[in-house]
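S.K.: Need coordinates for the below:
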Amino acid sequence: MNAKTLSVLVTGGAGYIGSHTTRQLVAAGHQVTVVDNLYSGHRWAVSPEADFHEYDAGDRVAMRALMRSRHFDAVIHFAGHIVVPESVSDPGKYYRNNVLGSLNLIECCEEAGVGLFVFSSSAAVYGNPATIPVHEETPTNPINPYGRTKLITEWTLKDFAERTGSNLPLRYVALRYFNVAGASLDGALGQATPEATHLIKVACEAACGKRDSVSIFGTDYDTEDGTCIRDYIHVEDLAAAHLGALDYLATGGNSAVLNCGYGHGYSVREVLDMVRKVSGNDFSIRETGRRDGDPVCLISDNRSIRKLLTWAPQHNDLELICSTAFQWERAKQGPKSRKG
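M.R.: Below you'll find the model as predicted:
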């Protein structure tokens with residue numbers, strides 16, 4: 001069942017995943033307001049049909065005023081810092097923005113009577129899981145500050161949803177992303193995050209001559225080729241999962257935590273080989289030591305999201321993921337090619 005037309009506030013809607021989701025929300029007929037401080041997002045990426053405000057989503061004063069100025073049925077919360085190595089070197093930045101900022105937003109939602117909340121969480125909450133694939137009941141044990149900030153926000157949502165005496169009890173879906181990659185099939189949107197660290201993005205930059213090389217961080221893991229394994233999901237399928245979560249909540253669904261992945265993985269070497277294939281270009285690969293905070297293998301058990309949201313991935317193909325990412329990167333002329 002599809003939800004009725006909703007008024008949806010999207011935080012971080014100028015970012016990579018947020019912009020794809022905003023475009024899908026607009027196409028589905030929802031009224032969309034985007035809040036983004038443009039720290040890593042871009043004004044040009046926001047759908048022109050969406051109302052845009054250059055705010056920090058964790059700014060209690062600004063968010064309270066915005067929520068008083070208009071009614072919102074739901075919030076989809078993307079805004080947050082996401083670079084794992086940076087979270088290790090500067091944990092305070094992550095706790096202030098991801099934890100405190102999310103708390104401020106949740107409290108503003110409660111004050112304004114916004115009862116539906118979709119949260120951008122992460123498979124990083126699992127750390128190094130003992131069993132693969134990972135299901136939602138797998139014990140959480142994040143091994144880096146980024147993962148811990150996501151888990152703390154999940155706990156925060158759970159506590160607010162279970163609190164008594166609220167006029168409009170919160171219901172939420174926390175979507176635990178696995179590795180997001182690719183670009184829209186029409187080439188209109190893609191990953192433009194400054195100094196991105198995601199493997200497919202970095203490899204595509206190298207294939208376009210924008211980087212001298214790609215580093216493999218660790219070749220001695222207990223995997224077939226010695227490199228880490230990840231479950232890669234196309235950004236359009238991930239965006240569709242947010243719309244599915246919104247529909248689920250709007251039609252009475254209970255709070256839930258759901259994995260977002262395809263249920264199979266690829267090693268770092270396999271991904272680099274695929275980028276070489278789709279680009280037709282060779283590029284230098286440097287082997288270096290392990291990175292702090294990197295788990296060996298993360299592959300999702302995605303049965304719950306398929307069942308609960310009737311979510312059916314449309315782009316479950318590593319070649320398509322890498323090809324759309326490469327075409328997007330090749331079409332860009334460099335960091336100054338687009339404004340915002």
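S.K.: and residue 314, how many neighbours?
M.R.: Counted by other Cβ atoms under 10 Å, the residues lying close to residue 314 total 11. C-beta: built from backbone N, CA, C; applies to glycine.
S.K.: Residue 99 contacts residue 149, correct?
M.R.: Yes: here residue 99 reaches residue 149: they are 5.1 Å apart, a contact under Cβ atoms under 8 Å.
S.K.: These two - which one has more neighbours?
M.R.: Per other Cβ under 10 Å, whichever of residue 99 and residue 149 has more neighbours is residue 149, with 30 against 21.
S.K.: Distance-wise, check that one relative to residue 245.
M.R.: Distance, residue 149 to residue 245, using Cβ to Cβ, to the nearest Å: 20 Å.
S.K.: can you point me to the longest helix in the protein?
M.R.: Assignment by DSSP state H gives helix 145-162 as the longest helix of the chain.
S.K.: So which bits of that helix are buried?
M.R.: Using 16 or more other Cβ atoms under 10 Å as the test for burial, helix 145-162 gives 145-154, 156-157, 160-161.
S.K.: helices or strands up against that helix?
M.R.: Applying 3 or more Cβ pairs under 8 Å, 6 or more residues apart in numbering; DSSP states H and E, one finds that helix 145-162 contacts helix 84-89, helix 91-94, helix 101-112, strand 116-122, strand 171-177.
S.K.: Just name the most buried of those.
M.R.: strand 116-122 (a mean of 25; mean count of other Cβ atoms under 10 Å).
S.K.: ok, it: who's next to it in the sheet?
M.R.: Paired with strand 116-122 in the same sheet, following DSSP bridges, are strand 74-77 (parallel), strand 171-177 (parallel).
S.K.: would you list those in JSON lines and tack on mean pLDDT and distance to residue 50?
M.R.: Below are those laid out as JSON lines (pLDDT from 0 to 100; distance: least, Cβ to Cβ, whole Å):
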{"stretch": "strand 74-77", "mean pLDDT": "98", "distance to residue 50": "12"}
{"stretch": "strand 171-177", "mean pLDDT": "97", "distance to residue 50": "20"}
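S.K.: Save those strands as JSON lines, and put in distance to residue 315 too.
M.R.: JSON lines is the format used below for those (distance: least, Cβ to Cβ, whole Å):
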{"stretch": "strand 74-77", "distance to residue 315": "20"}
{"stretch": "strand 171-177", "distance to residue 315": "15"}
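S.K.: and residue 316, which of those is closest to it?
M.R.: Nearest of the strands paired with strand 116-122 to residue 316, taken as Cβ to Cβ: strand 171-177 at 15.1 Å.
S.K.: Now do the closest one: everything it contacts.
M.R.: With Cβ atoms under 8 Å, 6 or more residues apart in numbering as the test, strand 171-177 has contacts from 17, 115-123, 125-126, 136, 153-154, 157, 161, 233, 238, 241-242, 245, 248-249, 253-261, 300, 305.
S.K.: Just the CA trace of it, in PDB.
M.R.: Provided in PDB are the C-alpha atoms of strand 171-177 (Å, rounded to 0.1, in the frame of the first residue of the first chain):
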ATOM      1  CA  ARG A 171       7.400   5.500  15.300                       C
ATOM      2  CA  TYR A 172      10.600   5.000  13.400                       C
ATOM      3  CA  VAL A 173      12.600   2.900  10.900                       C
ATOM      4  CA  ALA A 174      16.400   2.800  11.200                       C
ATOM      5  CA  LEU A 175      17.900   1.600   8.000                       C
ATOM      6  CA  ARG A 176      21.300   0.000   8.400                       C
ATOM      7  CA  TYR A 177      23.100   0.700   5.200                       C
END
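S.K.: related to what we said a few turns ago, which one of the strands paired with strand 116-122 lies closest to residue 188?
M.R.: Comparing these under Cβ to Cβ, the one sitting nearest is strand 74-77, at 19.8 Å.
S.K.: Figure out how far that closest one is from the centre of its chain.
M.R.: Relative to its chain's centre, strand 74-77 lies at 13 Å (Cα atoms, centre = their mean, to the nearest Å).
S.K.: swap in stretch 170-180?
M.R.: Relative to its chain's centre, stretch 170-180 lies at 8 Å (Cα atoms, centre = their mean).
S.K.: Now do the helices in the chain.
M.R.: Remark: helices assigned in the chain by DSSP H are 16-27, 60-69, 84-89, 91-94, 101-112, 145-162, 199-207, 235-250, 268-279, 303-308, 318-331.
S.K.: Just the mean pLDDT for the second one, thanks.
M.R.: When you say that, I think you mean helix 60-69. For helix 60-69, the mean pLDDT works out to 97.
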